[in-house]
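Engineer: Pasting the sequence and the predicted model now:
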Amino acid sequence: MSLIRFFRDIGGAEAVVPLDTDIIWGEDYTGDYQLLPHAAIQTEIDYATAIDVDAFKHVPFIKKIGTDKVITYQQGLTDEDAEGQSIIMRFINSLGTLSSKYEVLPAFSNSGSAYPVTQINLEMIEIENKWYYISLVMKVNYTDIDTAEAIGIIACERLTETTFGSPFWVYSTSGTAPTPQTGFPQYNFNEPTSSKIKAKIKSTDYQVFGYPNDQANGFDGMPVDAVGDKFAELFSIKTGGEFVRISRNFNISNQASRMYFDFGDFVPVVSAIPSSPQRASIQVLNDGRIAIVCGSTSDRKELWFAVADLNTLNFRQENIYKVIYGQETGQVFPGLYKNGVWAYSNFYHDKTDNKIKIVCSKYKEGIFLFEFNYADLNVIT
């Protein structure tokens, strides 16, 4: 279970009328969602090859940058969020060619560290027409999860399709550039760019939530409800003047398999929308409707796509589709917390070809892209 997620730019069209925030789910938890009219095109972006090399791949994000579909994800040696984890980028160009792999943010510790420093992939961010790859840097102690310590946020600029700048600190909990583990490079702040990215993250366009909470240094941490449950892996949009966040309850022992919502007030409420314990993705489509992609069962055997009525969070049964299911060929490599099949989806609605483009991980050891034409759906609203 990754401890932090970074969640998204506003994007999409602004609704003309205010958003109705009543959350209505038109299916039962065990509902058998309909298939897409035409099967999604499936592309393998990357898959693990060997233990202690690249056996963990997870938390993908996708962006349209120019004519490229740019995909980032975190890659580890064997286990989730352990030492040796770095951020990888691949892109698909306008000709449909998948690029080589590029390590845009190198690892912060090696496989011999006793208290690993690791990276959690964050969504790419645009500042003054320049794009940046970003990750959260943390110390993680899996024998006591509550002692996980956020160190800061690191970034590097996307210079061209295949080149990138030197990493630099956007923010650190100490206020100074952290001292690296012996044998690893020292990075500094890059002003004024660091401050501009931090301000963007803090805006209503983007949000980052630390673990543990870091209010003292200008970040708001995770929402916590009245009984102390923590909500993380948030994803947010803004439409019709309303801020909408979805999240999961990170208190595993009493977690309901449902999606949680809050509307900028840090008071998460449970919905009837099924969600296996994972980050989901919510977006505003090109026609102004809200859509969500997530998995519905604890084993994450399927990925669904749901479209709401215009200016509402009313997801009718007839507007919920299976994107992918089956293909449970089995996990290839062992590893800590490598549970479930399809997980941690992220998507966008392409304005050029009207296709929905979804990335997700499979068994946390492979990254896949799914594409289908939005015009094929008979959206009832």
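Structural biologist: Received the coordinates, thanks. Numbers count the residues shown, from 1 in each chain.
Engineer: and the gap between the nearest residue to residue 307 once chain neighbours are set aside and residue 288?
Structural biologist: Spatial nearest neighbour of residue 307, excluding adjacent residues (CB to CB, 6 or more residues apart in numbering): residue 319 at 4.5 Å. To be clear about C-beta, it is placed using only N, CA and C from the backbone, and glycine gets the same treatment. The spacing between residue 319 and residue 288, counted by CB to CB, to the nearest Å, is 14 Å.
Engineer: Now do the contacts for residue 332.
Structural biologist: When contacts are counted by CB atoms under 8 Å, 6 or more residues apart in numbering, residue 332 touches 48, 363, 365.
Engineer: give me that answer again for 7 Å
Structural biologist: Counting by CB atoms under 7 Å, 6 or more residues apart in numbering, residue 332 makes contact with 48, 365.
Engineer: what's the answer for the one 10 residues further on, then?
Structural biologist: Applying CB under 7 Å, 6+ apart to residue 342 gives the contacts 295, 300, 302, 303, 324, 360, 362.
Engineer: any idea which of those has the most stuff around it?
Structural biologist: Tallying neighbours with other CB atoms under 10 Å puts residue 360 at the head of the contacts of residue 342, with 30 neighbours.
Engineer: and the gap between that residue and residue 330?
Structural biologist: 17 Å.
Engineer: farthest-separated two in the contacts of residue 342?
Structural biologist: 302 and 362 (12.0 Å; CB to CB).
Engineer: pLDDT weak spots in the stretch 251-381 of the chain?
Structural biologist: 251-256, 298 (pLDDT under 70).
Engineer: go again using 90 as the cut-off
Structural biologist: 251-260, 262-270, 272, 274-280, 295-302, 325-330, 336-340, 378-381 (pLDDT under 90).
Engineer: C-alpha coordinates for stretch 282-290, PDB please?
Structural biologist: What follows is stretch 282-290, C-alpha atoms only, in PDB (Å, rounded to 0.1, in the frame of the first residue of the first chain):
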ATOM      1  CA  ILE A 282     -11.900  10.900 -11.400                       C
ATOM      2  CA  GLN A 283     -11.900  13.300 -14.400                       C
ATOM      3  CA  VAL A 284     -14.100  15.800 -16.200                       C
ATOM      4  CA  LEU A 285     -14.700  14.600 -19.700                       C
ATOM      5  CA  ASN A 286     -14.600  16.800 -22.800                       C
ATOM      6  CA  ASP A 287     -18.500  17.000 -22.700                       C
ATOM      7  CA  GLY A 288     -18.500  18.200 -19.100                       C
ATOM      8  CA  ARG A 289     -19.600  14.900 -17.600                       C
ATOM      9  CA  ILE A 290     -17.700  13.400 -14.700                       C
END
